[in-house]
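Asker: Need a 3D model of the sequence below.
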Amino acid sequence: MTTIPTEPIGSVPRPDALVDAIMRNAPSTELAAMQERALSDTLQRFAATGSPVITDGEQTKSSFATYPLDGSDQIAPGGMRIDFADGHHRQLPMLQKGPFRFATYADKFLTEARRYTDKPIKQAVISASALSLIYPAEGIPGYTREDFIADLVNECEKDIRRCLAAGAHKVQIDFTEGRLSLKLDPSGGVLQQFIDLINQVCDRFTPEEQKKLGVHVCPGGDHDSTHSADIDYNGLLAKLFQLHVGNFYLQLASEQDQRKVLATIKQYMQPGQHVFVGVTDVNNGRIETAEEVRDRVLEAAEFIPLDQLGTTDDCGFSPFCDDRSTSRETAFAKIRARVEGTRLAEQALAARAAVQ
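Answerer: Next up, the predicted model:
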(Lines give C-alpha, C1' and ligand atoms only; values in the text may rest on other atoms or scores of the structure.)
Protein backbone atom coordinates (compact mmCIF):
# COMPACT_ATOMS: atom_id res chain seq x y z
CA MET A 1 0.00 0.00 0.00
CA THR A 2 1.29 3.44 -0.93
CA THR A 3 2.14 5.53 2.13
CA ILE A 4 1.20 9.20 1.95
CA PRO A 5 3.56 11.22 4.18
CA THR A 6 1.98 13.74 6.54
CA GLU A 7 3.78 16.54 8.37
CA PRO A 8 2.83 19.60 10.43
CA ILE A 9 3.85 23.13 9.51
CA GLY A 10 5.25 24.30 12.83
CA SER A 11 3.57 26.32 15.54
CA VAL A 12 0.81 25.24 17.89
CA PRO A 13 -0.93 27.51 20.43
CA ARG A 14 1.04 28.18 23.57
CA PRO A 15 -0.59 27.56 26.96
CA ASP A 16 -2.59 30.57 28.20
CA ALA A 17 -0.36 30.91 31.24
CA LEU A 18 2.71 31.13 29.02
CA VAL A 19 1.10 33.78 26.80
CA ASP A 20 0.17 35.74 29.91
CA ALA A 21 3.77 35.54 31.15
CA ILE A 22 5.10 36.74 27.80
CA MET A 23 2.67 39.66 27.69
CA ARG A 24 3.59 40.86 31.19
CA ASN A 25 7.33 40.48 30.54
CA ALA A 26 7.80 37.88 33.26
CA PRO A 27 11.32 37.45 34.69
CA SER A 28 13.52 35.35 32.41
CA THR A 29 13.87 32.47 34.87
CA GLU A 30 10.09 32.22 35.32
CA LEU A 31 9.53 32.44 31.58
CA ALA A 32 12.16 29.80 30.81
CA ALA A 33 10.57 27.35 33.27
CA MET A 34 7.13 27.87 31.73
CA GLN A 35 8.50 27.43 28.22
CA GLU A 36 10.19 24.20 29.26
CA ARG A 37 6.90 22.80 30.59
CA ALA A 38 5.07 23.94 27.44
CA LEU A 39 7.69 22.30 25.23
CA SER A 40 7.50 18.96 27.04
CA ASP A 41 3.69 18.98 27.00
CA THR A 42 3.59 19.93 23.31
CA LEU A 43 5.85 17.09 22.24
CA GLN A 44 3.83 14.58 24.27
CA ARG A 45 0.57 15.80 22.74
CA PHE A 46 2.07 15.75 19.26
CA ALA A 47 3.15 12.14 19.67
CA ALA A 48 -0.33 11.21 20.95
CA THR A 49 -1.89 12.38 17.67
CA GLY A 50 -0.02 9.62 15.84
CA SER A 51 1.82 12.17 13.71
CA PRO A 52 4.88 10.41 12.24
CA VAL A 53 6.76 13.73 12.12
CA ILE A 54 6.43 16.36 14.84
CA THR A 55 7.68 19.83 15.74
CA ASP A 56 8.37 21.69 18.98
CA GLY A 57 5.29 23.81 18.31
CA GLU A 58 7.54 26.90 18.39
CA GLN A 59 6.82 27.17 22.12
CA THR A 60 10.01 29.12 22.79
CA LYS A 61 10.08 31.28 19.63
CA SER A 62 9.00 34.92 19.73
CA SER A 63 7.62 34.38 16.25
CA PHE A 64 8.31 32.29 13.17
CA ALA A 65 9.71 35.39 11.42
CA THR A 66 11.83 37.21 13.98
CA TYR A 67 13.54 34.48 16.03
CA PRO A 68 16.99 35.20 14.43
CA LEU A 69 16.77 38.73 15.85
CA ASP A 70 16.04 37.69 19.45
CA GLY A 71 18.87 39.13 21.53
CA SER A 72 20.26 41.22 18.66
CA ASP A 73 21.67 44.71 19.24
CA GLN A 74 21.46 45.52 15.52
CA ILE A 75 17.77 46.30 15.24
CA ALA A 76 15.24 48.96 16.22
CA PRO A 77 11.47 49.31 15.89
CA GLY A 78 9.87 50.92 12.86
CA GLY A 79 10.26 48.47 10.00
CA MET A 80 7.78 47.34 7.36
CA ARG A 81 4.13 47.14 8.48
CA ILE A 82 1.98 44.18 7.39
CA ASP A 83 -1.79 44.70 7.57
CA PHE A 84 -4.27 41.86 8.10
CA ALA A 85 -7.84 41.62 6.84
CA ASP A 86 -9.38 41.99 10.31
CA GLY A 87 -7.64 45.34 10.89
CA HIS A 88 -4.69 44.28 13.06
CA HIS A 89 -1.11 44.53 11.87
CA ARG A 90 2.40 43.24 12.52
CA GLN A 91 5.53 45.32 12.12
CA LEU A 92 9.02 44.12 11.36
CA PRO A 93 12.03 45.66 13.10
CA MET A 94 14.59 47.66 11.13
CA LEU A 95 18.31 46.98 10.82
CA GLN A 96 20.49 49.76 12.23
CA LYS A 97 24.01 48.55 11.62
CA GLY A 98 26.08 45.84 10.01
CA PRO A 99 27.55 43.39 9.45
CA PHE A 100 24.27 41.47 9.81
CA ARG A 101 24.39 38.35 11.98
CA PHE A 102 21.74 36.08 13.47
CA ALA A 103 21.54 36.35 17.24
CA THR A 104 19.62 33.05 17.46
CA TYR A 105 19.82 30.02 15.15
CA ALA A 106 16.94 27.57 14.75
CA ASP A 107 18.95 24.48 15.72
CA LYS A 108 18.63 25.76 19.29
CA PHE A 109 14.94 24.83 19.24
CA LEU A 110 15.64 21.45 17.67
CA THR A 111 18.27 20.57 20.27
CA GLU A 112 15.94 21.55 23.11
CA ALA A 113 13.11 19.45 21.68
CA ARG A 114 15.33 16.41 21.19
CA ARG A 115 15.62 16.08 24.99
CA TYR A 116 11.97 15.07 25.16
CA THR A 117 11.40 12.85 22.11
CA ASP A 118 13.05 10.43 19.74
CA LYS A 119 10.47 10.96 16.98
CA PRO A 120 11.50 12.67 13.70
CA ILE A 121 11.46 16.45 14.23
CA LYS A 122 10.91 18.96 11.49
CA GLN A 123 12.45 22.41 11.93
CA ALA A 124 11.09 25.61 10.40
CA VAL A 125 13.39 28.51 9.49
CA ILE A 126 12.59 31.96 8.17
CA SER A 127 13.32 32.81 4.54
CA ALA A 128 16.06 35.13 3.33
CA SER A 129 13.39 37.09 1.46
CA ALA A 130 11.46 37.88 4.65
CA LEU A 131 14.58 39.00 6.47
CA SER A 132 15.64 41.11 3.47
CA LEU A 133 12.77 43.43 4.38
CA ILE A 134 14.52 44.68 7.55
CA TYR A 135 17.12 46.67 5.57
CA PRO A 136 16.04 50.35 5.55
CA ALA A 137 15.09 51.97 2.24
CA GLU A 138 17.42 54.89 2.96
CA GLY A 139 20.36 52.54 3.46
CA ILE A 140 22.94 52.31 6.24
CA PRO A 141 26.12 54.44 6.07
CA GLY A 142 29.12 52.24 5.36
CA TYR A 143 27.00 49.12 4.90
CA THR A 144 25.41 48.78 1.47
CA ARG A 145 22.39 46.67 0.63
CA GLU A 146 24.68 44.43 -1.43
CA ASP A 147 26.85 43.86 1.64
CA PHE A 148 23.74 43.09 3.67
CA ILE A 149 22.39 40.57 1.14
CA ALA A 150 25.74 38.77 1.06
CA ASP A 151 25.73 38.51 4.86
CA LEU A 152 22.06 37.52 4.88
CA VAL A 153 22.60 34.62 2.45
CA ASN A 154 25.55 33.41 4.52
CA GLU A 155 23.50 33.52 7.73
CA CYS A 156 20.48 31.77 6.22
CA GLU A 157 22.72 29.01 4.87
CA LYS A 158 24.29 28.66 8.32
CA ASP A 159 20.83 28.47 9.95
CA ILE A 160 19.81 25.59 7.69
CA ARG A 161 23.14 23.75 7.92
CA ARG A 162 23.04 23.82 11.71
CA CYS A 163 19.53 22.30 11.64
CA LEU A 164 20.60 19.54 9.27
CA ALA A 165 23.67 18.84 11.40
CA ALA A 166 21.44 18.61 14.48
CA GLY A 167 19.41 15.87 12.80
CA ALA A 168 16.33 17.67 11.48
CA HIS A 169 14.00 15.35 9.57
CA LYS A 170 13.25 18.25 7.20
CA VAL A 171 14.08 21.95 7.23
CA GLN A 172 11.12 24.06 6.12
CA ILE A 173 11.65 27.60 4.83
CA ASP A 174 8.68 29.79 5.78
CA PHE A 175 7.81 31.95 2.77
CA THR A 176 4.46 33.51 3.72
CA GLU A 177 5.56 36.80 2.14
CA GLY A 178 5.43 35.13 -1.29
CA ARG A 179 1.71 35.71 -1.80
CA LEU A 180 1.91 39.10 -0.07
CA SER A 181 4.51 40.21 -2.61
CA LEU A 182 1.86 40.08 -5.32
CA LYS A 183 -0.20 42.59 -3.36
CA LEU A 184 2.81 44.89 -3.13
CA ASP A 185 3.79 44.33 -6.78
CA PRO A 186 1.13 42.72 -9.00
CA SER A 187 3.66 42.46 -11.86
CA GLY A 188 5.43 39.64 -10.01
CA GLY A 189 8.80 41.36 -10.09
CA VAL A 190 9.20 41.35 -6.30
CA LEU A 191 8.08 37.72 -6.13
CA GLN A 192 10.76 36.75 -8.65
CA GLN A 193 13.38 38.67 -6.66
CA PHE A 194 12.30 36.79 -3.54
CA ILE A 195 12.53 33.42 -5.30
CA ASP A 196 15.95 34.26 -6.71
CA LEU A 197 17.17 35.27 -3.25
CA ILE A 198 15.95 32.06 -1.61
CA ASN A 199 17.62 30.09 -4.40
CA GLN A 200 20.91 31.84 -3.64
CA VAL A 201 20.70 30.07 -0.29
CA CYS A 202 19.37 26.74 -1.56
CA ASP A 203 21.99 26.49 -4.32
CA ARG A 204 24.67 26.18 -1.65
CA PHE A 205 23.29 22.72 -0.81
CA THR A 206 23.83 19.50 -2.75
CA PRO A 207 20.91 17.83 -4.59
CA GLU A 208 20.75 15.26 -1.79
CA GLU A 209 20.59 17.98 0.85
CA GLN A 210 17.93 19.84 -1.14
CA LYS A 211 15.69 16.77 -0.80
CA LYS A 212 15.50 17.56 2.92
CA LEU A 213 14.63 21.21 2.32
CA GLY A 214 11.11 22.50 1.85
CA VAL A 215 9.18 25.73 1.51
CA HIS A 216 5.85 26.68 3.07
CA VAL A 217 3.43 29.23 1.62
CA CYS A 218 0.07 30.54 2.86
CA PRO A 219 -1.82 33.85 2.93
CA GLY A 220 -0.37 34.68 6.34
CA GLY A 221 -2.49 33.25 9.16
CA ASP A 222 -2.52 35.28 12.41
CA HIS A 223 -5.36 35.70 14.92
CA ASP A 224 -7.60 33.77 12.50
CA SER A 225 -7.02 36.42 9.83
CA THR A 226 -4.78 36.69 6.76
CA HIS A 227 -2.79 39.36 4.95
CA SER A 228 -3.13 38.17 1.37
CA ALA A 229 -6.00 35.68 0.91
CA ASP A 230 -7.52 38.18 -1.54
CA ILE A 231 -4.56 37.70 -3.89
CA ASP A 232 -4.92 35.05 -6.61
CA TYR A 233 -2.98 32.00 -5.38
CA ASN A 234 -2.28 30.84 -8.91
CA GLY A 235 0.02 33.80 -9.54
CA LEU A 236 2.28 32.54 -6.75
CA LEU A 237 2.10 28.88 -7.74
CA ALA A 238 3.10 29.66 -11.31
CA LYS A 239 6.55 30.66 -10.02
CA LEU A 240 6.88 28.79 -6.75
CA PHE A 241 8.14 25.52 -8.19
CA GLN A 242 11.26 27.31 -9.45
CA LEU A 243 12.58 27.00 -5.91
CA HIS A 244 15.41 24.50 -5.55
CA VAL A 245 13.93 22.45 -2.73
CA GLY A 246 12.43 18.99 -2.65
CA ASN A 247 9.27 19.72 -0.65
CA PHE A 248 6.40 22.19 -0.97
CA TYR A 249 3.94 22.72 1.90
CA LEU A 250 0.93 24.44 0.39
CA GLN A 251 -2.13 25.93 2.08
CA LEU A 252 -5.23 24.53 0.36
CA ALA A 253 -8.10 23.67 2.74
CA SER A 254 -9.13 27.32 3.15
CA GLU A 255 -9.11 28.08 -0.59
CA GLN A 256 -12.44 28.83 -2.26
CA ASP A 257 -11.70 26.91 -5.47
CA GLN A 258 -9.49 24.02 -4.47
CA ARG A 259 -9.72 22.18 -7.77
CA LYS A 260 -8.46 25.26 -9.61
CA VAL A 261 -5.47 25.43 -7.27
CA LEU A 262 -4.80 21.70 -7.70
CA ALA A 263 -4.90 22.09 -11.48
CA THR A 264 -2.31 24.86 -11.23
CA ILE A 265 -0.11 22.71 -9.00
CA LYS A 266 -0.34 19.89 -11.54
CA GLN A 267 0.64 22.29 -14.33
CA TYR A 268 3.75 23.68 -12.66
CA MET A 269 5.12 21.03 -10.28
CA GLN A 270 8.22 19.22 -11.50
CA PRO A 271 9.42 15.61 -11.29
CA GLY A 272 11.02 14.80 -7.97
CA GLN A 273 9.18 17.53 -6.08
CA HIS A 274 6.92 16.46 -3.19
CA VAL A 275 3.76 18.48 -2.64
CA PHE A 276 2.16 18.47 0.81
CA VAL A 277 -1.36 19.89 0.48
CA GLY A 278 -3.13 21.57 3.38
CA VAL A 279 -6.09 19.47 4.54
CA THR A 280 -6.98 21.34 7.76
CA ASP A 281 -8.00 25.02 7.89
CA VAL A 282 -6.18 26.49 10.89
CA ASN A 283 -8.19 29.74 10.78
CA ASN A 284 -11.50 27.91 11.19
CA GLY A 285 -12.32 26.70 14.69
CA ARG A 286 -14.40 23.79 13.43
CA ILE A 287 -12.50 20.52 13.69
CA GLU A 288 -12.45 18.53 10.46
CA THR A 289 -13.50 14.91 10.55
CA ALA A 290 -11.10 12.22 9.38
CA GLU A 291 -13.54 11.50 6.54
CA GLU A 292 -13.42 15.12 5.36
CA VAL A 293 -9.64 14.98 5.34
CA ARG A 294 -9.77 11.67 3.46
CA ASP A 295 -11.94 13.22 0.76
CA ARG A 296 -9.59 16.18 0.38
CA VAL A 297 -6.64 13.82 -0.03
CA LEU A 298 -8.51 11.74 -2.61
CA GLU A 299 -9.33 14.89 -4.57
CA ALA A 300 -5.67 15.97 -4.49
CA ALA A 301 -4.68 12.51 -5.74
CA GLU A 302 -6.63 13.22 -8.93
CA PHE A 303 -4.05 15.91 -9.76
CA ILE A 304 -0.81 14.95 -7.98
CA PRO A 305 0.99 11.62 -8.51
CA LEU A 306 0.83 9.49 -5.37
CA ASP A 307 4.60 9.23 -5.11
CA GLN A 308 4.74 13.05 -4.94
CA LEU A 309 1.74 13.64 -2.66
CA GLY A 310 1.73 14.43 1.06
CA THR A 311 -0.56 16.20 3.53
CA THR A 312 -0.09 19.01 6.01
CA ASP A 313 -1.99 21.74 7.83
CA ASP A 314 -2.72 24.98 5.99
CA CYS A 315 -0.39 26.97 8.22
CA GLY A 316 1.08 27.07 11.68
CA PHE A 317 -1.63 27.49 14.31
CA SER A 318 0.02 30.34 16.25
CA PRO A 319 2.98 31.83 14.36
CA PHE A 320 3.32 34.72 16.84
CA CYS A 321 3.75 34.20 20.58
CA ASP A 322 0.70 36.30 21.58
CA ASP A 323 -1.80 34.52 19.32
CA ARG A 324 -4.38 32.53 21.26
CA SER A 325 -7.20 32.62 18.72
CA THR A 326 -7.08 28.81 18.57
CA SER A 327 -6.96 26.55 21.64
CA ARG A 328 -4.34 23.86 22.08
CA GLU A 329 -7.13 21.27 22.22
CA THR A 330 -8.54 22.38 18.86
CA ALA A 331 -5.11 22.44 17.22
CA PHE A 332 -4.19 18.92 18.31
CA ALA A 333 -7.66 17.62 17.35
CA LYS A 334 -7.13 19.02 13.85
CA ILE A 335 -3.69 17.43 13.68
CA ARG A 336 -5.15 14.09 14.72
CA ALA A 337 -7.84 14.43 12.03
CA ARG A 338 -5.11 15.12 9.45
CA VAL A 339 -3.19 12.01 10.46
CA GLU A 340 -6.25 9.74 10.61
CA GLY A 341 -7.77 11.14 7.43
CA THR A 342 -4.53 10.62 5.53
CA ARG A 343 -4.50 6.97 6.62
CA LEU A 344 -8.14 6.56 5.51
CA ALA A 345 -7.17 7.96 2.11
CA GLU A 346 -4.34 5.44 1.85
CA GLN A 347 -6.79 2.63 2.55
CA ALA A 348 -9.31 3.94 0.01
CA LEU A 349 -6.64 4.24 -2.67
CA ALA A 350 -5.35 0.74 -1.91
CA ALA A 351 -8.90 -0.65 -2.22
CA ARG A 352 -9.34 1.07 -5.58
CA ALA A 353 -6.03 -0.33 -6.82
CA ALA A 354 -7.03 -3.83 -5.73
CA VAL A 355 -10.28 -3.62 -7.71
CA GLN A 356 -8.49 -2.42 -10.80
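
Asker: Looking only at the helix or strand where residue 342 lies, what residues are buried by neighbour count?
Answerer: Using DSSP states H and E, the element containing residue 342 is helix 328-355. Neighbour-count burial for helix 328-355 flags 328, 330-332, 334-346, 349 (criterion: 16 or more other CB atoms under 10 Å). Using the backbone N, CA and C atoms, a C-beta is placed for each residue, glycine as well.

Asker: and if you look at stretch 79-96?
Answerer: 79, 80, 82, 84, 90, 92, 93, 94, 95.

Asker: The fifth one belongs to a helix, doesn't it?
Answerer: Spelled out, that is residue 90. No - counting by DSSP: H, G, I helix; E, B strand; the rest coil, residue 90 is not found in a helix; it is strand.

Asker: Please report the distance of it from residue 286.
Answerer: According to CB to CB, to the nearest Å, residue 90 and residue 286 sit 26 Å apart.

Asker: what's the distance between the strand or helix carrying residue 110 and the middle of its chain?
Answerer: Here residue 110, judged by DSSP H and E, is contained in helix 107-114. Remark: helix 107-114 is offset 17 Å from the chain centroid, using CA atoms, centre = their mean, to the nearest Å.

Asker: Please apply the same query to stretch 224-234.
Answerer: 15 Å.

Asker: go on, stretch 116-132?
Answerer: 8 Å.

Asker: if we can go back for a sec, what mean pLDDT does the helix holding residue 342 get?
Answerer: Regarding helix 328-355, the rounded mean pLDDT is 94.

Asker: With stretch 265-274 instead?
Answerer: Averaging pLDDT along stretch 265-274 gives 97.

Asker: what's the answer for stretch 167-180, then?
Answerer: Rounded mean pLDDT across stretch 167-180 is 96.

Asker: now swap in stretch 41-50 and tell me
Answerer: The pLDDT scores in stretch 41-50 average 95.

Asker: Need the three-state assignment for residue 219.
Answerer: The assignment at residue 219 comes out as coil when based on three-state DSSP.

Asker: what bridges to residue 249?
Answerer: For residue 249, the beta-bridge partners are residue 216, residue 276 (DSSP bridges).

Asker: any idea how far residue 237 is from it?
Answerer: 13 Å.

Asker: likewise residue 338?
Answerer: From residue 338 over to residue 237 the distance is 21 Å, taken as CB to CB.

Asker: show me where pLDDT drops low in this protein?
Answerer: Scanning the chain with the threshold set as pLDDT under 70 gives 1.

Asker: Apply 90 and report the result again.
Answerer: By pLDDT under 90, the low-scoring segments of the chain are 1-2, 21-23, 25-26, 28, 31, 62-65, 78-92, 219-230, 318-325, 351-356.

Asker: what about the strands in it?
Answerer: Secondary structure of the chain (DSSP state E): strands located at 75-76, 81-83, 89-91, 94-95, 122-126, 170-174, 213-217, 247-250, 274-278, 309-312.

Asker: mind giving me TSV with these and columns for distance to residue 258?
Answerer: Shown next, in TSV, are the strands of the chain (distance: least, CB to CB, whole Å):
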stretch	distance to residue 258
strand 75-76	39
strand 81-83	26
strand 89-91	27
strand 94-95	38
strand 122-126	24
strand 170-174	22
strand 213-217	15
strand 247-250	11
strand 274-278	9
strand 309-312	13
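
Asker: can you tell which of these is closest to residue 262?
Answerer: Each of the strands of the chain has some distance to residue 262 by CB to CB; the shortest is strand 274-278, at 7.7 Å.

Asker: what's the angle between the closest one and strand 170-174?
Answerer: Angle of strand 274-278 versus strand 170-174, following axes from the mean of the first three to the mean of the last three CA atoms, to 10 degrees, is 60 degrees.

Asker: Now do strand 274-278: which elements does it pack against?
Answerer: The contact analysis (3 or more CB pairs under 8 Å, 6 or more residues apart in numbering; DSSP states H and E) places strand 274-278 against strand 247-250, helix 258-268, helix 290-301, strand 309-312.

Asker: chain center to it: distance?
Answerer: On CA atoms, centre = their mean, the centre of strand 274-278 falls 12 Å from the chain's centre.

Asker: Run through who's touching that strand.
Answerer: For strand 274-278, contacts defined as CB atoms under 8 Å, 6 or more residues apart in numbering pick out 5-7, 214, 218, 246-254, 262, 265, 269, 296-297, 300, 304, 308-315.

Asker: Buried ones in the helix holding residue 110, by neighbour count?
Answerer: The neighbour-count check on helix 107-114 (16+ other CB under 10 Å) flags 107, 108, 109, 110, 111, 113, 114 as buried.

Asker: show me the contacts for the closest residue to the third one other than its chain neighbours.
Answerer: Take residue 109 and drop its neighbours on the chain: the residue closest to it by CB to CB, 6 or more residues apart in numbering is residue 56, 5.3 Å away. Residue 56 makes contact with 39, 42, 43, 109, 110, 112, 113, 121 under the criterion CB under 8 Å, 6+ apart.

Asker: Please compare the residues you listed by their distance to residue 61 and name the closest.
Answerer: Of all these, residue 109 has the smallest distance to residue 61: 6.6 Å, by CB to CB.

Asker: so who does that closest one touch?
Answerer: Counting by CB under 8 Å, 6+ apart, residue 109 touches 56, 58, 60, 61, 67, 123.

Asker: Return the member of those nearest to residue 147.
Answerer: Of all these, residue 147 sits closest to residue 67, with 23.0 Å by CB to CB.
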